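Student: mind folding the following:
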Amino acid sequence: MISLLLVLAQAAGAVQGDPSIVAPGAKLERLFGDGFFTEGPAQAPDGSVYFSDITFVQASGNQAGHIWRWDPRTGTTAVFRSPSGMSNGIVFDEEGRMVVAEGAGFGGRRITRTDMKTGMSWILAGLYNGRPFNSPNDLVIDARGRIYFTDPRYSGHEPIEQPVQGVYRIDPDGRVSLVAANAGKPNGIAVSPDQATLYVASIDNGSFDENLPPETPTTPGRMALLAYDLAPDGSAKFRRTVVDFSPGVGPDGISVDRDGNIYCAIPGRERPGIHVFSPAGKELAYIPTPDPPTNVKFGRGADKQTLFITARKSLYRIRVERSGYHPGF
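Tutor: From the prediction side, this is the model:
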């Protein structure tokens, strides 16, 4: 019997653009729909898909944040970890360990790594210059095993103790470095297949608290997909703005395929969905989603041409014509 949770999503419209990116008949499937605010999909070596559920404690009735696991064999989803440290971005390293960006709002405000065989976890980065991070959001691992992560603040009661909303790097020896302090409000992050470019999504909503009263005026800031030159030593230097989305909403989570194209989850009211851009910034394809998307990641192995998409309460998937790029494997 097919699980009732595995239903065809009623998308806002058909996919558009280059058929060599997404076939005209590609269908979006909803795998799960009972979250609070889903984020950070990542496929493990065994084919399971893990994703975060950011519960914004007070708004969710004091839920403490969850990481869910979707089982491809049964089509069912169950809680893997709760409390989650208010996890957001998730990635698996080449040894199959889960690396998580834990945010603010009663979360861990740190980067952790979990051995999936034993369940034991380690803190990879908890402080910078002796002070807690703002709210680690998303992360990527390069071909040398270095972890890059973004550290904005969108919500949370904790004091803000970092002077910038930065992009950081964790080296294999544990050293933590600030690599970019000029990315606006950094969110999604990805590394190009040739390791020469670090892509950073800036989505500046103009506030450190998403629970402001509706009548409170805010002025959004940088809304853009940015490209940084990535040096062999792991340092990054701003190159250019790939796409400027202002005055609309910028990208949340991002991912890249093996040809270097960038897949952006755009949660704005106009054309919400996954927008695919060339490295030069030309839009190649558009995948509408029923709900504003928060993140997009490629699967691996048999699912290397599958996009897993989180959008508000749901987890979706869709097959595309390009293979995803995963640094290190």
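
Student: what are the buried residues along stretch 258-269?
Tutor: Going by neighbour count (16 or more other CB atoms under 10 Å), the buried part of stretch 258-269 is 260-268. C-beta here means a position set from N, CA and C on the backbone, and glycine is covered the same way.

Student: so which of these are in strands?
Tutor: 262-266 (DSSP state E).

Student: can you lay out the buried residues of stretch 258-269 as a markdown table showing distance to His275 and pLDDT?
Tutor: Converted to a markdown table, the buried residues of stretch 258-269 look like this (distance: CB to CB, whole Å; pLDDT from 0 to 100):
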| residue | distance to His275 | pLDDT |
| --- | --- | --- |
| Gly260 | 15 | 97 |
| Asn261 | 11 | 98 |
| Ile262 | 9 | 98 |
| Tyr263 | 8 | 98 |
| Cys264 | 5 | 98 |
| Ala265 | 8 | 98 |
| Ile266 | 5 | 97 |
| Pro267 | 11 | 95 |
| Gly268 | 10 | 87 |
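
Student: redo those residues as a markdown table? Include distance to Arg146.
Tutor: A markdown table is the format used below for the buried residues of stretch 258-269 (distance: CB to CB, whole Å):
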| residue | distance to Arg146 |
| --- | --- |
| Gly260 | 19 |
| Asn261 | 23 |
| Ile262 | 20 |
| Tyr263 | 22 |
| Cys264 | 23 |
| Ala265 | 24 |
| Ile266 | 28 |
| Pro267 | 28 |
| Gly268 | 32 |
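
Student: of those, which is the nearest to Phe149?
Tutor: Nearest to Phe149, judged by CB to CB, of the buried residues of stretch 258-269 is Ala265 at 17.2 Å.

Student: and the spatially closest residue to that closest one that is not a sequence neighbour, how many neighbours?
Tutor: Nearest in space to Ala265, with sequence neighbours left out and distances taken as CB to CB, 6 or more residues apart in numbering, is Pro293 at 3.9 Å. Residues near Pro293, counting by other CB atoms under 10 Å, number 27.

Student: could you measure from Pro293 over to Ile67?
Tutor: Distance of Pro293 to Ile67, computed by CB to CB, to the nearest Å: 19 Å.

Student: same question, Ile254
Tutor: From Ile254 to Ile67 the distance is 21 Å (CB to CB).

Student: between those two, tell me which one has more neighbours.
Tutor: Taking other CB under 10 Å, Ile254 and Ile67 do not tie; Ile254 has more neighbours (26 against 22).

Student: tell me which residues of stretch 125-144 come out buried.
Tutor: Result for stretch 125-144 [16+ other CB under 10 Å]: buried residues 125, 128, 132-142.

Student: how many residues are close by Tyr22?
Tutor: I think there's a mix-up here, since residue 22 is Val and not Tyr. Val22 has 24 nearby residues by other CB under 10 Å.

Student: that one and Thr306 touch, don't they?
Tutor: No - the pair Val22 / Thr306 is not scored as a contact, 11.7 Å apart, by CB atoms under 8 Å.

Student: sorry, back to before: what is the nearest of the buried residues of stretch 258-269 to Asp46?
Tutor: For the buried residues of stretch 258-269, the nearest to Asp46 is Tyr263 (23.7 Å; CB to CB).

Student: the nearest residue to that closest one once chain neighbours are set aside and Ala125, how far apart?
Tutor: Of all residues not flanking Tyr263 in the chain, Ser255 sits nearest, at 4.7 Å (CB to CB, 6+ apart). Distance, Ser255 to Ala125, using CB to CB: 22 Å.

Student: now do Gly250
Tutor: From Gly250 to Ala125 the distance is 25 Å (CB to CB).

Student: quick one: which helix or strand includes the spatially closest residue to Phe106 that is not a sequence neighbour?
Tutor: With sequence-adjacent residues excluded and distances taken as CB to CB, 6+ apart, Phe106 is closest to Val57, at 5.2 Å. Following DSSP states H and E, one finds Val57 outside all helices and strands.

Student: Val57 touches Gln63, doesn't it?
Tutor: Yes - under the criterion of CB under 8 Å, Val57 makes contact with Gln63 at 6.7 Å.

Student: ok, back up a step: just the ones of the buried residues of stretch 125-144 in strands?
Tutor: Reading strands off the buried residues of stretch 125-144 with DSSP E, I get 125, 128, 132, 139-141.

Student: nice, that's everything, thank you.
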